[in-house]
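1. Please find the sequence and the predicted model below.
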Amino acid sequence: PTLRGGFVGGDDHRLVLNHVLVNHPSFAHAVKLFTIVHRDLYQPLPLLTFSGEFAVANLFGLFDSSIEGGAWLFHLTNVLLHALTTVLVWVTIRMFQQRLGVPSLAVATVVALLFAVHPFQVEVVAWVNGRMLLLSTLFALAAVLTFSRWLEVLKVRYAILTLAFVLLSSLSKVRVGLPFLLGLVALIQGHKLRTRFWCIWLPCAALTGWFAWINYQATAGADLFAEGAQHLWGPWLVRVLLALAFYFQHLFWPVGLTSYYPTPFVVHWSDASTAVAAIIVALSLTILAMLCRISRPCRWGVLWFFIAIADTLALIPARNVLAADRYMYLPI
């Protein structure tokens, strides 16, 4: 039903409908998008795609009846991007299976289908502004695939493509953990961290670090760090525990999902919710540990998950919500 959806309040209005550089597409405005911060983040590439869709919608008069008349075009783009990302998920899993010597077409297909239809993905696809994560993940997985090829086949085009995909991912929504995932690719493939690895990994890490710094400055400039520190009290480790419990619980029992989860202003180790979260996390980690003992691919998968999820946890005050579905797009 996402194709019948419209634009929702908040970022859909601020970054799509009411953003003059987006809703009045032109070459000058397109260039301008790359020179400014967008609210509290730097994410020009998704806004550029919105601008392109406005140009198409205006050309065919999709907004003539109402502003919602052209919403389906934006939703269709999201659905197609999600479909393409799902294909890359399948290809990525197949690649890792071959490297580990455990090829299974059934496993790769089932996992890709779960990625496609799991309720955790709904917000990213059905929310127009989820475009940021759709594009970021698409290019991140593309970087993983081309980096893997670079390690296997010393051809310059794979190095250039890897750098390009890391850049495009960062221009969509920076992923701090992407360099660590690229390092994990080398380890999974059994490559020593030699010159071939470092000559591409270091520029990728530098690119990611640069964009992370830009976004840090933007978030600090919007006072989100200060607001989070001012309004949230209690041990940050408790908030991390609550978020992990949420992720583990809803990954396997995805009911009651919503786009926003108001976090308690004060948390304590003695809270009943903390005890419940500790039990869920302990059980989950125990099951994972048992699976890791009998399955080498599982060890890599668990490591991948925690690397990818790290920057979504409440390690900094700006994470002023308990958890949000959209932050789970890549880790799942």
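-> Yep, that arrived.
2. List of residues touching the strand or helix carrying Ala186?
-> Using DSSP states H and E, Ala186 sits in helix 178-188. Outside helix 178-188, the residues that touch it by C-beta atoms under 8 Å, 6 or more residues apart in numbering are 96, 99-100, 140, 143-144, 147-148, 151, 162, 166, 169, 193, 197, 201, 204-205, 208, 300, 303-304, 307-308. Yep, even glycine has a C-beta here, placed from its N, CA and C like the rest.
3. Give me the buried entries from those residues.
-> Neighbour counting with 16 or more other C-beta atoms under 10 Å marks 96, 99, 140, 143-144, 147-148, 151, 162, 166, 169, 197, 201, 204-205, 208, 300, 303-304, 307-308 as buried within the contacts of helix 178-188.
4. Counting only helices, which of the residues you listed make the cut?
-> 96, 99, 140, 143-144, 147-148, 151, 162, 166, 169, 197, 201, 204-205, 208, 300, 303-304, 307-308 (DSSP state H).
5. Identify each buried residue in the helix or strand harbouring Ser51, please.
-> Counting by DSSP H and E, the element that carries Ser51 is helix 44-59. For helix 44-59, burial by neighbour count (16+ other C-beta under 10 Å) applies to 44-51, 53-54, 57.
6. Not counting its neighbours along the chain, what's nearest Ala142?
-> Phe165 (4.4 Å; C-beta to C-beta, 6 or more residues apart in numbering).
7. same deal with Asn129?
-> In space, Asn129 is closest to Asp11, 4.2 Å off (C-beta to C-beta, 6+ apart).
8. looking at it, that neighbour is touching His38, isn't it?
-> No. Using C-beta atoms under 8 Å as the test, Asp11 is too far from His38 to be in contact (9.3 Å).
9. Quick check: neighbours shared by the two?
-> By C-beta under 8 Å, 6+ apart, no residue touches both Asp11 and His38.
10. what stretches of the chain score poorly on pLDDT?
-> 224-229, 316-328, 330-332 (pLDDT under 70).
11. rewinding a little: can you give me the offset of the helix holding Ser51 from its chain's centre?
-> Offset of helix 44-59 from its chain centre (C-alpha atoms, centre = their mean, to the nearest Å): 21 Å.
12. Just list what that helix packs against, helices and strands only.
-> helix 20-23, helix 27-33, helix 71-100, helix 131-152, helix 156-172 (3 or more C-beta pairs under 8 Å, 6 or more residues apart in numbering; DSSP states H and E).
13. so that helix versus helix 71-100, what angle?
-> 140 degrees (axes from the mean of the first three to the mean of the last three C-alpha atoms, to 10 degrees).
14. can you list the residues that contact helix 44-59?
-> 15-16, 19, 21-25, 29-30, 33-34, 38, 62-63, 70, 73-74, 77, 128-129, 131-132, 135, 168, 171-173.
15. please redo it, this time with the cut-off set to 6 Å
-> 16, 22-23, 25, 30, 33-34, 63, 70, 73-74, 131-132, 135, 171-172 (C-beta atoms under 6 Å, 6 or more residues apart in numbering).
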